[in-house]
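Trainee: model the following, please.
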Amino acid sequence: MEDLRYPLGRFQPDQGTFESRLKDIDELPGKLRIAVAGLNDAQLDTPYRDGGWTVRQTVHHVADSHMNGFIRGKLALTEDSPTIKPYEEAEWAKLADAKLPIDASLPILDSVHQRWAAIWRAMTEADFEKTFVHPDHGKCTLDWLLSMYSWHSRHHVAQIVNLRNRMGW
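Mentor: Numbering: from 1, shown residues only. Below you'll find the predicted structure:
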């Protein structure tokens with residue numbers, strides 16, 4: 001079950017180089033589109049593991065999460081170590097918008113990631129040391145945020161690809 005939930009292993013900060021992390025941010029929208037290409041509604045409504053989210057919920061979760069990550073980064077760049085608001089992602093996955101077609105979230109990811117990559121590329125070395133406070137994780141740097149979302153991008157695509165492989169889709 002751990003391998004199905006965390007196909008790449010649990011998040012470890014400081015994985016990869018700046019360029020490899022930025023590449024993950026750049027490539028997530030396209031890789032996610034490839035991972036879900038051709039899936040019908042029944043397949044989209046299949047959980048990637050027992051007790052896990054459906055593919056549809058996972059796609060919407062990625063959009064929710066990455067919009068939050070984008071805003072957290074902008075807050076940290078423009079304020080002095082702001083305290084951010086966490087959200088109940090499991091509860092968000094139960095809301096009506098998590099049942100919409102995935103085409104409601106894929107264009108959001110295209111746009112958020114285009115803007116996010118532009119910000120990451122424009123940041124100075126000092127910018128990566130700027131912080132925000134997460135009530136669950138404590139003080140986090142923007143370098144940590146890039147590492148987290150690099151992993152998060154690969155993590156959810158891997159869950160979907162692994163499901164497709166197991167199901168022969």
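
Trainee: now name the helix or strand holding residue 132.
Mentor: strand 131-134 (DSSP states H and E).

Trainee: quote the end-to-end distance of stretch 124-132.
Mentor: With Cα to Cα, to the nearest Å as the measure, the ends of stretch 124-132 fall 17 Å from one another.

Trainee: quick one, what contacts the spatially closest residue to residue 21 that is not a sequence neighbour?
Mentor: Using Cβ to Cβ, 6 or more residues apart in numbering and skipping residues adjacent in sequence, the residue nearest residue 21 is residue 150, 3.9 Å away. Just so you know, the C-beta spots here come from the backbone N, C-alpha and C atoms, and that holds for glycine as well. Counting by Cβ atoms under 8 Å, 6 or more residues apart in numbering, residue 150 touches 15-16, 20-22, 24-25.

Trainee: ditto for residue 139
Mentor: 81, 131-133.

Trainee: of these - the most surrounded one?
Mentor: Most neighbours among those, by other Cβ atoms under 10 Å: residue 132, with 22 neighbours.

Trainee: quick check: the closest residue to that residue other than its chain neighbours vs residue 98, distance?
Mentor: If the residues on either side of it in the chain are set aside, residue 132 comes closest to residue 76, at 4.2 Å by Cβ to Cβ, 6+ apart. For residue 76, the distance to residue 98 (Cβ to Cβ, to the nearest Å) stands at 27 Å.

Trainee: any idea which helix or strand carries residue 140?
Mentor: Residue 140 belongs to strand 138-141, assigned by DSSP H and E.

Trainee: stretch 136-143: which residues count as buried?
Mentor: 140-143 (16 or more other Cβ atoms under 10 Å).

Trainee: again, but for stretch 95-114
Mentor: Quick answer for stretch 95-114 (16+ other Cβ under 10 Å): 98, 102, 105-106, 108-109, 112-113.

Trainee: before we move on, what about stretch 43-51?
Mentor: 43-44, 46-49.

Trainee: ditto for stretch 8-15
Mentor: For stretch 8-15, the neighbour count (16+ other Cβ under 10 Å) marks 8, 15 as buried.
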